[in-house]
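S.K.: Okay, sequence plus prediction incoming.
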Amino acid sequence: MLDLLIRGGDVVTPQGVVRCDVAVAGETIAAVAAPDALPAQTAQRVIDATGLIVMPGGIDPHVHLHHVWIKPDGTPLITAGPEQVGRAALHGGTTTFIDFAYWRDGASAREAIETRDKDFVGKSPCDWAYHIMLHSEPPPEFPQQLAEAIQAGYPTLKIFTTNILPSRSGRMIDFGDIWEAFQVLAREGGLGVIHAEDNDIVMHMYAKLIREGRIDFAHMAEVHNQLSEDLSFRRVLRLAESVSGTALYMMHVSAGTGVAAIADARRKRLPVYGETLHQYLIYSSDDYKRPNGQIYHTYPSLKSQEDQKALWMGTTNGSIHCVATDELCCTLRDKTLGKRIDDTTGGNSGVEPRLGVMYTEMVVRRGYSLSQYVDLVSTNAAKIMGLYPRKGAIAAGSDADMTILDPTRRGNVRAADLHETDYTPWEGHEIFAWPVTTILRGKVMVESGRYRGSSQDGKYLKRKIATAIRNGPAL
Ligand SMILES: [Zn+2]
């Protein structure tokens, strides 16, 4: 007996878009079959998806939940956790996210994972995983611990090449330690996930703008600028080239210079992948001047409209593979507390509208195929991060994570309709499709706007990076 049969939808499969039925047994997809090949009476429940799009659940490879941020007055702010953000993600059709486990304060990699588990286990309605986030002054035994973590199913290491803000220390990793880390990643089959900015350029621009009295956050793009992205991407990619087998995923690419650096590395057959964020694709630094302009910001920063064009180009020419959120969910009040270039909150509240907004921008406005769209919001993240084909595919044997999109649902994004927080950077943004049903491992989590999930539903996903992803520029 099947548990669920989804009939008559346009299903985005690894072989393309096919009108077919999807059968679910337990937590996995049992079959993808020709329409009506499986009689309805063989299933406990039938969902009629006629006229709807059935796609793999969204995957957001870059979120920060239950994250501590220091407010301008020096007090800590803890952002919304997996219960709240996971629920919003499911409403928006995303079933899996990847957050970070902070490896610092002399702790071991194992302790970093166990500490982070306290924020997630029993609290996440979405499936999740962590990138291990290395902090400065890694312990002398870090190569051994990193090797063990990779083998234990935690194969991605987050590395910062900048402290981002002058007031902050402890994030930036020096190039000697990065070199060491790359050797371990290459040897053990890991993947570096990189926040690259040129710390000298960024800190120089902070000092310069503060000296000149140009401290309003609207100047952010002058600080976290294109040159910084150019120099830092090329330096880190050159280092990767020197350690054969180093695979890298460049996070939140924001400038044309970053896109070009990735393209050059891939031309040299390096296994390098790019991520951008949906606000970088839609907003530019001009939007900082709008009321509450901080809501469009995350670090590095929004750039020019020319950069935006280059990012869009990257999504079609193989330099940008994933559109993530860099989710950091807080209230409008907290998001707009900082007003200076050196105290404005990063992160973004966008996990819920990501699929709907990107459908509009990609499929409706730019003519991307449904498969291209699904690659950018789900499948590529699964492939790069070692989750495919368990996640990111509608195929027999895959987890039954599916989102049913209604392409006749027109309207505008309203924070009041969302489940995330009290504002959205996409307020008023036109929508041409919206998820009506979200399924996680066979369980219907959201249907017709009703939430049926629980914070017990999510599972941690151990991962292994595929050989094809590490061997050269796949995808
Ligand atoms: Zn981030």
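M.R.: That came through fine.

S.K.: Confirm that I295 sits in a helix.
M.R.: Yes. Assignment of I295 by DSSP: H, G, I helix; E, B strand; the rest coil places it within a helix.

S.K.: That one: how many residues sit nearby?
M.R.: Residues near I295, counting by other Cβ atoms under 10 Å, number 23. Every C-beta, even on glycine, is put in place using the N, C-alpha and C of the backbone.

S.K.: so where's the chain uncertain?
M.R.: Within the chain, no stretch has pLDDT under 70.

S.K.: Let's see stretch 252-265 as PDB, backbone CA atoms only.
M.R.: The C-alpha coordinates for stretch 252-265 follow below in PDB (Å, rounded to 0.1, in the frame of the first residue of the first chain):
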ATOM      1  CA  HIS A 252      27.100  35.100  -1.400                       C
ATOM      2  CA  VAL A 253      28.800  36.300  -4.500                       C
ATOM      3  CA  SER A 254      27.800  39.900  -4.800                       C
ATOM      4  CA  ALA A 255      29.900  41.500  -7.600                       C
ATOM      5  CA  GLY A 256      30.700  40.900 -11.200                       C
ATOM      6  CA  THR A 257      34.400  40.600 -10.200                       C
ATOM      7  CA  GLY A 258      33.400  37.600  -8.100                       C
ATOM      8  CA  VAL A 259      31.500  36.000 -11.000                       C
ATOM      9  CA  ALA A 260      34.500  36.500 -13.200                       C
ATOM     10  CA  ALA A 261      36.900  35.000 -10.700                       C
ATOM     11  CA  ILE A 262      34.800  31.900 -10.500                       C
ATOM     12  CA  ALA A 263      34.500  31.600 -14.300                       C
ATOM     13  CA  ASP A 264      38.300  31.900 -14.600                       C
ATOM     14  CA  ALA A 265      38.900  29.200 -12.000                       C
END
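
S.K.: Can you mark which positions in that stretch are buried?
M.R.: Neighbour-count burial for stretch 252-265 flags 252-263, 265 (criterion: 16 or more other Cβ atoms under 10 Å).

S.K.: Okay, and which of these map to helices?
M.R.: By the criterion of DSSP state H, membership of these in helices covers G256, T257, G258, V259, A260, A261, I262, A263, A265.

S.K.: Same list (the residues you listed) but as JSON lines, adding distance to L185.
M.R.: As requested, those are arranged in JSON lines below (distance: Cβ to Cβ, whole Å):
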{"residue": "G256", "distance to L185": "27"}
{"residue": "T257", "distance to L185": "24"}
{"residue": "G258", "distance to L185": "20"}
{"residue": "V259", "distance to L185": "23"}
{"residue": "A260", "distance to L185": "24"}
{"residue": "A261", "distance to L185": "19"}
{"residue": "I262", "distance to L185": "18"}
{"residue": "A263", "distance to L185": "22"}
{"residue": "A265", "distance to L185": "15"}
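
S.K.: excluding its backbone neighbours, what's nearest L231?
M.R.: Nearest non-adjacent residue to L231, counting by Cβ to Cβ, 6 or more residues apart in numbering: D198, 4.3 Å away.

S.K.: can you check V63 too?
M.R.: Nearest residue to V63 in three dimensions, chain neighbours excluded: E327, at 3.9 Å (Cβ to Cβ, 6+ apart).

S.K.: distance of the closest residue to E275 other than its chain neighbours from E137?
M.R.: Distances taken as Cβ to Cβ, 6+ apart place C322 nearest to E275, at 4.4 Å, with adjacent residues excluded. Look at C322 and E137: by Cβ to Cβ, to the nearest Å, they are 30 Å apart.

S.K.: Likewise for K158?
M.R.: Applying Cβ to Cβ, the value for K158 to E137 is 16 Å.

S.K.: The two: which has the busier surroundings?
M.R.: K158 (23 against 14).

S.K.: check contacts around the more buried one.
M.R.: Shown in contact with K158 (Cβ atoms under 8 Å, 6 or more residues apart in numbering): F100, H131, I132, M133, L134, V193, I194, H195, M251.

S.K.: Is T50 in contact with G9, as I believe?
M.R.: Yes. At 7.1 Å, T50 counts as touching G9 under the criterion of Cβ atoms under 8 Å.

S.K.: Look at those two and report which has more neighbours.
M.R.: For T50 versus G9, neighbours defined as other Cβ under 10 Å are more numerous around G9 (26 against 10).

S.K.: The stretch 1-150 of the chain: strands as residue ranges?
M.R.: Ranges of strands in the stretch 1-150 of the chain, per DSSP state E, counting those that start in this stretch, are 2-13, 16-25, 28-33, 43-48, 53-56, 58-60, 68-70, 76-78, 94-103, 127-134.

S.K.: Out of those strands, which is closest to I282?
M.R.: Nearest to I282, of all the strands of the stretch 1-150 of the chain, is strand 58-60, at 16.3 Å by Cβ to Cβ.

S.K.: Which strands and helices lie in contact with the closest one?
M.R.: The contact analysis (3 or more Cβ pairs under 8 Å, 6 or more residues apart in numbering; DSSP states H and E) places strand 58-60 against strand 94-103, helix 354-358, helix 380-384.

S.K.: Mind putting the ones you listed into a markdown table with mean neighbour count?
M.R.: A markdown table is the format used below for the helices and strands packed on strand 58-60 (neighbours: other Cβ atoms under 10 Å):
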| stretch | mean neighbour count |
| --- | --- |
| strand 94-103 | 25 |
| helix 354-358 | 25 |
| helix 380-384 | 27 |
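
S.K.: got TSV for these, with distance to T28 too?
M.R.: Formatted as TSV, the helices and strands packed on strand 58-60 follow (distance: least, Cβ to Cβ, whole Å):
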stretch	distance to T28
strand 94-103	14
helix 354-358	22
helix 380-384	15
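
S.K.: looking at these, which is closest to L38?
M.R.: Among these, the nearest to L38 by Cβ to Cβ is strand 94-103 (23.4 Å).

S.K.: CA-only coordinates of that closest one, as PDB, when you get a sec.
M.R.: What follows is strand 94-103, C-alpha atoms only, in PDB (Å, rounded to 0.1, in the frame of the first residue of the first chain):
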ATOM      1  CA  THR A  94      11.700  24.900   1.400                       C
ATOM      2  CA  THR A  95      12.300  21.600   3.200                       C
ATOM      3  CA  THR A  96      16.000  21.500   4.000                       C
ATOM      4  CA  PHE A  97      18.500  24.100   5.200                       C
ATOM      5  CA  ILE A  98      22.200  24.200   6.100                       C
ATOM      6  CA  ASP A  99      23.300  26.300   9.000                       C
ATOM      7  CA  PHE A 100      26.600  26.500  10.800                       C
ATOM      8  CA  ALA A 101      28.300  24.900  13.800                       C
ATOM      9  CA  TYR A 102      30.800  27.400  15.400                       C
ATOM     10  CA  TRP A 103      34.200  25.800  16.000                       C
END
